[in-house]
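**Student:** my questions are about this predicted structure, shown below with the sequence.
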Amino acid sequence: MSRARNMANGAMPGNVIQVTNIRVDAQAGYTVSNSPSIITELNQIITPKYSNSKMMVQWELHYESQYNLPFVIYKNGSVQSNGYNTVTGNIFYSGYAVAAYDVDVASTPNRTTITYFDTAGSTSAITYGLGIKSGEAGNQTFYLNRPFSSTGAAAYEIGVSLGYVMEIAQ
């Protein structure tokens, strides 16, 4: 199968134009309500080469949390209209993904990967963010790169979270 070069942007459709990445070693704690809190340590910034590019955004999270914590996707500080379950809508218990819960909130963190696709829409810098909120009436707790009970010790593992944004030609 042959692919023709997109003469509008000079790139072959489907080819990767650029990749940015972040590595987050910092440990952070969030007490979240029904309104999302952006996990600022995980913000990713990219300046697209072409406005029609597809953007693949991915986070690999090392964390520990209580139950009922939906994640939502932000673009330039605003929750995306498809950054949560669109059938249910942008309400407190609706998210793009949900934090894993294993009953042990003392010492054993989780690892979750979240992948999101977007269209650049411009060639201005874009900040992609990941937010977290409580999916129930009360506040919940979320710890990035550490367990609840410790900032690191034997049997209380700490880790690293990663993020990637890939610009793909269309």
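**Tutor:** Perfect, thanks for sending it. From a predicted model like this one, the values you see are computed outputs, not experimental measurements.
**Student:** I'd like to know which elements the lengthiest strand in the chain is packed against.
**Tutor:** The longest strand of the chain (DSSP state E) is strand 54-65. Applying 3 or more C-beta pairs under 8 Å, 6 or more residues apart in numbering; DSSP states H and E, we find strand 54-65 packed against strand 110-119, strand 126-132, strand 140-144, strand 161-168. Placement of C-beta: from N, CA and C, glycine included.
**Student:** may I have the strands that pair with it, each with its orientation?
**Tutor:** strand 110-119 (antiparallel), strand 140-144 (antiparallel), strand 161-168 (antiparallel) (DSSP bridges).
**Student:** pLDDT below threshold where in this protein?
**Tutor:** 1-9 (pLDDT under 70).
**Student:** now the nearest residue to residue 85 once chain neighbours are set aside: which helix or strand?
**Tutor:** Excluding the flanking residues, the one nearest residue 85 by C-beta to C-beta, 6 or more residues apart in numbering is residue 94, at 4.5 Å. Following DSSP states H and E, there is no helix or strand that holds residue 94.
**Student:** residue 94 reaches residue 82, doesn't it?
**Tutor:** No - applying C-beta atoms under 8 Å, one finds residue 94 not in contact with residue 82, separated by 11.6 Å.
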